[in-house]
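**Q** From the sequence below, what's the structure:
(chains A and B, ligands or ions: 1)
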Amino acid sequence: MAAPDKPHGRVWHWLDARVGLAEVEKLAKKKQVPVHRHTVWYYFGGMTLFLFTVQVATGILLLFYYRPSAEEAYESVQFLMAEVEFGWLIRSIHAWSANLMIFTLFVHLFSVLLLKAYRQPREITWVSGIGLMALALGFGFTGYLLPWNELAFFATKVGTEITGAVPVAGSFLRRLLRGGDEVTGATLTRFYGIHVAVLPALTMGLLGLHLFLVQRHGMGVPPGVERRQAAPRTMPFVPNFLLRDLVGWLSALAILAALAAYFPTELGKKADPFAPAPIGIKPEWYFMFMFKALKYLPSDILGIEGEIVGVVGFGLGGLFLLLVPFLDRRAARGQPGRVFTWIGIGLILFIVVLTYLGYTEVATR
Amino acid sequence: MADQALAAEPTRRGFINWFLGTTAGAFLLAVLYPVARYLVPPPAGESASGTVTLPIKPDEVKPNSGQIFKFGNRPGILVRTPAGELRAFSAVCTHLNCTVQYRPDLSHIWCACHNGHFDLNGKNIAGPPPRPLEPLVVNTRGAQIVVAKGA
Ligand code: FES
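**A** The predicted structure follows:
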């Protein structure tokens, strides 16, 4: 028997007999976090998870006032912002936290990519992670429309129109997404259902799998570090790493509160399907690079519409990303290889540069 | 040999497996098919008529200006050219569906979404739109403007 470091109370024993606390405790004590010069990157997964819980909590709160119809959605959000006490705060936190979460998700994804933490046996962890990324983008896209303001309306029109460029199934998908041929109140209720029921359910399943696998395999050590260190240094997850994690979460919360308080989310004008598109409409920042890339494509590439080429290109890009653990054979064997590192860096540069260009261009000419 | 003996004999187990498999498959189909059909929205029915009388009088549209009107369930744009002629187009941008507007400073039609430009014949002259705007037919009957789908 291991040395009992702390005598447990009666409540603990009562619970242990029923839910098995001792096993949880053993698991928690066993978990070790590798320590090396890349350890910082380990914090971003947990931070994303923290921001996700913020999203769930504030999302549920928003449901109490929100009304999902074209006639009432805008007004209900307006009411929430103006009349309900702290309504502006809850909504702003929901909106800002969504943005921060996508940001930490990108950081998490690219750190995993560059540190090659997708190597076996973590292929499924990577695949479920990419799935979660897709779900997060889906949350962003469907949530954007819900306040039913002008910007969101036209952004959704453009966004759903892009699905129309998918070969063969395009116009069917567009109709399925819009709940009809146009963006209307039917689209709003559809997005609402997807945003508050479908995506959360899928996320719960996939997130459970992802976290279980992370728990099972522990943190991945970059191949370079692995080769250099005979006996890797580690620190216990509980409490050393967890406490550091908490500091990260508190910082995220502080940033969130500051952003929400100083830059509360605006509502803008109510959507009017019979008004011209407003000047300078932009998608959410995390779609900007795709939006901008599509814009750069000429309207005709070798007889195929530019949009179609772009959409297919992004689809293939996503598929490639999904399959990285299976394509990177060298990393799987633990051999040094630069190709996928350069691909990762190229991807980051592509996103950063196009996002920058998207925000600095002049909307009118 | 043992395999052959197994394969040759249509056992009760084999039958039950086949039966259960088919039943499970049929059940799944019976559930999934209606759900899939349910998710596809029913057709909305084309907007009733191809002709719309606008709630605007002809002299309310100044030269070098344009405005949006409802053409069924889609927006249309009515333009009076600097020369004084009335023209109408579908206001749905041929690029990604945004609603276009008239830019008096450029004297042509413009889409704010991705900076698409159309001339006064609806022809796409700059930016990403791949096709001209769909033209509509304008008739003035006394103090009324009637817009119809082009032939
Ligand atoms: S939708 Fe009009 S230019 Fe893109």
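
**Q** Do you have the helices of the stretch 151-300 of chain A handy? List them.
**A** A:170-178, A:185-193, A:199-217, A:223-228, A:242-262, A:285-296 (DSSP state H, counting those that start in this stretch).

**Q** Dump these into TSV; add mean neighbour count and distance to A:Lys269 as well.
**A** No exception for glycine: its C-beta is placed from N, CA and C like everyone else's. Shown next, in TSV, are the helices of the stretch 151-300 of chain A (neighbours: other C-beta atoms under 10 Å in any protein chain shown; distance: least, C-beta to C-beta, whole Å):
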stretch	mean neighbour count	distance to A:Lys269
helix A:170-178	17	21
helix A:185-193	20	16
helix A:199-217	15	27
helix A:223-228	15	53
helix A:242-262	14	22
helix A:285-296	19	21
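
**Q** Give me the nearest residue to whichever residue of the stretch 101-250 of chain A sits closest to the ligand, chain neighbours excluded.
**A** The ligand sits closest to A:Val158 of the stretch 101-250 of chain A, with a gap of 6.1 Å, by C-beta to the nearest ligand atom. Spatially, and ignoring its direct neighbours in sequence, A:Val158 is nearest to B:Leu96 (4.4 Å; C-beta to C-beta, 6 or more residues apart in numbering or on different chains).

**Q** same thing with A:Val107?
**A** Closest to A:Val107 by C-beta to C-beta, 6+ apart is A:Phe44, at 4.8 Å.

**Q** Over to B:Ala126?
**A** B:His117 (4.0 Å).

**Q** Now the one you found. Its backbone dihedrals?
**A** phi -120, psi 140 (degrees, to the nearest 10).

**Q** unless I'm mixing things up, it is touching B:Pro128, no?
**A** No: counting by C-beta atoms under 8 Å, B:His117 stays clear of B:Pro128, with 10.0 Å between them.

**Q** higher neighbour count, those two?
**A** B:Pro128 (22 against 18; other C-beta atoms under 10 Å in any protein chain shown).

**Q** I'd guessed that one sits against B:His95; true?
**A** Yes: assessed by C-beta under 8 Å, B:Pro128 is found in contact with B:His95 at 4.8 Å.

**Q** any idea which residue sits dead centre in chain B?
**A** Nearest to the mean C-alpha position of chain B, counting by C-alpha atoms, centre = their mean, stands B:Asn97 at 7.7 Å.

**Q** before we move on, the earlier item: lowest-confidence stretch among the helices of the stretch 151-300 of chain A?
**A** Sorting the helices of the stretch 151-300 of chain A by mean pLDDT places helix A:223-228 lowest, at a mean of 82.

**Q** if we look at that one, which residues are touching it?
**A** A:Pro34, A:His36, A:Arg37, A:His38, A:Lys116, A:Arg119, A:Pro232, A:Ala331, A:Gly334, A:Gln335, A:Pro336 (C-beta atoms under 8 Å, 6 or more residues apart in numbering or on different chains).

**Q** Looking at those, which are in strands?
**A** A:Pro34 (DSSP state E).

**Q** And the average pLDDT for the longest helix along chain A is what?
**A** Longest helix of chain A, by residue count under DSSP state H: helix A:87-114. What helix A:87-114 shows for mean pLDDT is 95.

**Q** Quick one: name the residues of chain B near chain A.
**A** With C-beta under 8 Å from any C-beta of the partner chain as the criterion, chain B comes near chain A at residues B:39-41, B:44, B:68-70, B:73-75, B:91, B:93, B:95-101, B:111-115, B:128-130.

**Q** burial count for A:Ile124?
**A** So A:Ile124, with other C-beta under 10 Å, has 15 neighbours.

**Q** show me what contacts the residue of chain B at minimum distance from chain A?
**A** Taking C-beta to the nearest C-beta, chain A has its nearest neighbour within chain B at B:Gln101, 3.3 Å off. For B:Gln101, the contact set (C-beta under 8 Å, 6+ apart) comprises A:Pro276, A:Ala277, B:Gly66, B:Ile68, B:Ile77, B:Ala91, B:Ile109, B:Trp110, B:Cys111, B:Ala112.

**Q** And it, how far from B:Gln67?
**A** The gap separating B:Gln101 from B:Gln67 is 9 Å, by C-beta to C-beta, to the nearest Å.

**Q** what sits in contact with each of these two?
**A** B:Ile77.

**Q** any idea of the mean pLDDT in the lengthiest helix in chain B?
**A** Of all the elements of type helix in chain B, the one with the most residues (DSSP H) is helix B:12-39. Averaged across helix B:12-39, the pLDDT comes to 90.

**Q** Give the buried residues for whatever helix or strand comes next after that helix.
**A** Next helix or strand after helix B:12-39 toward the C-terminus (DSSP states H and E): strand B:51-53. By neighbour count on 16 or more other C-beta atoms under 10 Å in any protein chain shown, the buried set for strand B:51-53 is B:Val52.

**Q** Starting from strand B:51-53, tell me which strands it pairs with and how they run.
**A** In the sheet, strand B:51-53 lines up against strand B:144-149 (antiparallel) (DSSP bridges).

**Q** Can you check which of the helices of the stretch 151-300 of chain A gets nearest to A:Leu349?
**A** helix A:285-296 (10.6 Å; C-beta to C-beta).
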